[in-house]
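>>> Everything below, folded, please.
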Amino acid sequence: MKDMVPGRLLPARARSLHADLDERLAGRLDITAADGQVGAARPRVVHALAMVEDVAKCVADRTRAVDAGVAAAGLPQLDQDVVRCARAVKGIERAYAFQSGFEWRPRRALVVGAGSLGLLAAMLLRIRGLEVMAVDRADPESPKGEIVHATGARYVRTGDRRLAEIVGGSAPFDLVFEATGVARLVFEAMCLVGRNGVLCVAGLPAGKQRLSIPADCVGLEMVLENRIFFGTVSSNRGHFARALAAMADLGTRSPGVLERIITGRLPPERSSEALGEATIKNVIVFGKERRTRS
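Here you go, the predicted structure:
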């Protein structure tokens, strides 16, 4: 691959391409697994590197200002995070679209999970002017908490408490963005959505958790309170383009905040240190470019 040059960061895994990828790149269709494909529980997204560079070229052709802003935001180190930002862009846009039948003016949002997806969602919601609370297991003094505070949002550590206990009198919320992949938290988040509110589920649950829920009450409240719950994962070319523009905007509003999503650079022999509750994203560096950042 021509882009395999020293210093280039790549995702640890790539997912299968869609059969009609060219058509989907050129239009508005989301990039997902082929229709009817078995085992498509996790819709397959195009290789992050190829997709981001393709869309980045499109954006650069339209406006050099955006391209320059993205470069200033450290985009070359965040290929995979542009994919996540596109997912957040799509989820938030869909939330507004679902309630477009009336004058919906959300003021308060809750982001559950402060990994890179949750952090990017919180940043996008702040750009829209919403009051944002982000909750996660890490300490407020962790990189996650520091980034949330840097964007003007509020950060709360979850610990072993239920979401209702954590947010307290802050509920209900107009928009809840779930980014943990923990099934229990999805159902707890449902109870925190207010009248005309929207819950966007973007996390990907692993395993087969069994939960007991008051299904009748959940359904009744959804109808009477005009609540909307939906899931999202794949994005189209427009979402990627708007994600790049948003990241350029974020780089201008909060210089260095996107680059801080990468919490460490480690040599292969220290790869076991890459996982941790307080970290956001660590990268393994091969060759002469090795260095470690806090």
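>>> Any regions of the chain where pLDDT drops low?
Along the chain, segments meeting pLDDT under 70 span 1-80, 214, 217, 277-278, 287-294.
>>> mind listing the strands for it?
108-112, 131-136, 154-157, 173-178, 193-201, 228-231, 262-266, 281-284 (DSSP state E).
>>> is it possible to export those strands to a markdown table including mean neighbour count and distance to Leu185?
C-beta: built from backbone N, CA, C; applies to glycine. Formatted as a markdown table, the strands of the chain follow (neighbours: other CB atoms under 10 Å; distance: least, CB to CB, whole Å):
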| stretch | mean neighbour count | distance to Leu185 |
| --- | --- | --- |
| strand 108-112 | 27 | 6 |
| strand 131-136 | 24 | 9 |
| strand 154-157 | 19 | 14 |
| strand 173-178 | 27 | 6 |
| strand 193-201 | 21 | 10 |
| strand 228-231 | 16 | 13 |
| strand 262-266 | 19 | 23 |
| strand 281-284 | 17 | 21 |
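>>> and of those strands, who's closest to Val83?
Shortest distance between Val83 and the strands of the chain, using CB to CB, is found for strand 281-284: 12.7 Å.
>>> and Arg253, which of the strands of the chain is closest to it?
Closest of these to Arg253 is strand 131-136, at 13.9 Å (criterion: CB to CB).
>>> helices or strands up against that closest one?
strand 108-112, helix 116-127, helix 143-150, strand 154-157, helix 163-167 (3 or more CB pairs under 8 Å, 6 or more residues apart in numbering; DSSP states H and E).
>>> Tell me what angle it forms with helix 143-150.
Computed with axes from the mean of the first three to the mean of the last three CA atoms, to 10 degrees, the direction of strand 131-136 lies at 180 degrees from that of helix 143-150.
>>> Which strands border strand 131-136, and is each parallel or antiparallel?
Here strand 131-136 has these sheet partners by DSSP bridges: strand 108-112 (parallel), strand 154-157 (parallel).
>>> Not counting the first one itself, show me its contacts.
Counting by CB atoms under 8 Å, 6 or more residues apart in numbering, strand 108-112 makes contact with 118, 121-122, 125, 130-135, 153, 163, 167, 170-171, 173-180, 185, 189, 192, 203, all of which sit outside it.
>>> If we use 6 Å, what do you get?
Strand 108-112 is contacted by residues 118, 121-122, 125, 130-135, 173-178, 180, 185, 189 when judged by CB atoms under 6 Å, 6 or more residues apart in numbering.
>>> Switch the strands of the chain over to CSV; also include distance to Leu211.
Output for those, formatted as CSV (distance: least, CB to CB, whole Å):
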stretch, distance to Leu211
strand 108-112, 16
strand 131-136, 19
strand 154-157, 23
strand 173-178, 14
strand 193-201, 14
strand 228-231, 15
strand 262-266, 32
strand 281-284, 29
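>>> just so I know, which of the ones you listed lies nearest Ile213?
Of all the strands of the chain, strand 228-231 sits nearest to Ile213, with 12.4 Å by CB to CB.
>>> From the contact counts, what lies against the closest one?
strand 193-201 (3 or more CB pairs under 6 Å, 6 or more residues apart in numbering; DSSP states H and E).
>>> Could you rerun that using 10 Å?
helix 79-98, strand 173-178, helix 183-190, strand 193-201, helix 215-224 (3 or more CB pairs under 10 Å, 6 or more residues apart in numbering; DSSP states H and E).
>>> follow-up on the earlier one: winner for burial among the helices and strands packed on strand 131-136?
strand 108-112 (a mean of 27; mean count of other CB atoms under 10 Å).
>>> between that strand and helix 183-190, what angle do the directions make?
Going by the same axes, to 10 degrees, strand 108-112 makes 170 degrees with helix 183-190.
>>> Hey, what's the angle from strand 108-112 to helix 116-127? Just curious.
Going by the same axes, to 10 degrees, strand 108-112 makes 170 degrees with helix 116-127.
>>> For Val233, find the nearest of the strands paired with strand 131-136.
Of the strands paired with strand 131-136, nearest to Val233 by CB to CB is strand 108-112, at 16.2 Å.
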